[in-house]
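In: my questions concern the predicted model and sequence given below.
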Amino acid sequence: LKQVFNKDKTFRPKRKFEPGTQRFELHKRAQASLNSGVDLKAAVQLPSGEDQNDWVAVHVVDFFNRINLIYGTICEFCTERTCPVMSGGPKYEYRWQDDFKYKKPTALPAPQYMNLLMDWIEVQINNEDIFPTSVGK
């Protein structure tokens, strides 16, 4: 388990929502609806009176956290030797480009690609210009 929850490898701590805030309440509502066995379409519908951007932001952060946990459970089985290419089956190969180190689409081993991707997503989620923590922005 140490390998799965190593912060420097793949696991990223969940972004917390301040208790008592509207986003915290939206997060609790999203968690309750996902765990209740209700219709998924109804679970993701915007509650009346809530801001659509806040609702989407809460679900994006939750989705990232869940994907990160799932990836953390399988990453030890996908090494640069066993997964030399980031692919979506035999027909699709994903290449990394970030305009900094990788200026052109670059083929990478799956673990390296995933680490870059998860780091990039985390930067986006923590960017106040994209995901402000103030409700209604």
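Out: Received it, and whenever you're ready, just let me know what you need.

In: can we go C-alpha only for contacts and neighbour counts from here?
Out: OK.

In: in this structure, where's the longest helix?
Out: Secondary structure of the chain per DSSP state H: the longest helix is helix 52-74.

In: buried stuff in it?
Out: 54-55, 57-59, 61-62, 64-65, 68-69, 71-72 (16 or more other CA atoms under 10 Å).

In: Ser87: which of these is nearest?
Out: Set against Ser87, the nearest of those by CA to CA is Tyr71 (15.1 Å).

In: stretch 129-137 - what's its average pLDDT?
Out: Stretch 129-137 carries an average pLDDT of 73.

In: then stretch 105-116?
Out: 96.

In: what does it contact?
Out: 9-10, 75, 78-80, 83-87, 93-97 (CA atoms under 8 Å, 6 or more residues apart in numbering).

In: quick check: neighbours of the next helix or strand after the longest helix of the chain in the sheet, parallel or antiparallel?
Out: Scanning forward in sequence from helix 52-74 by DSSP states H and E, the next helix or strand is strand 95-96. Sheet pairing of strand 95-96 (DSSP bridges) gives strand 106-107 (antiparallel).

In: ok now the strand it pairs with, how far from the chain's centre?
Out: How far strand 106-107 lies from its chain's middle: 22 Å, per CA atoms, centre = their mean, to the nearest Å.

In: and the gap between Pro109 and Val61?
Out: Between Pro109 and Val61 the computed distance is 26 Å (CA to CA, to the nearest Å).

In: ok, the residue lying closest to Ala57 once chain neighbours are set aside - contacts?
Out: Take Ala57 and drop its neighbours on the chain: the residue closest to it by CA to CA, 6 or more residues apart in numbering is Phe131, 6.7 Å away. Applying CA under 8 Å, 6+ apart to Phe131 gives the contacts Ala57, Gln124, Ile125.

In: now these as TSV including pLDDT?
Out: Converted to TSV, the contacts of Phe131 look like this (pLDDT from 0 to 100):
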residue	pLDDT
Ala57	86
Gln124	92
Ile125	91
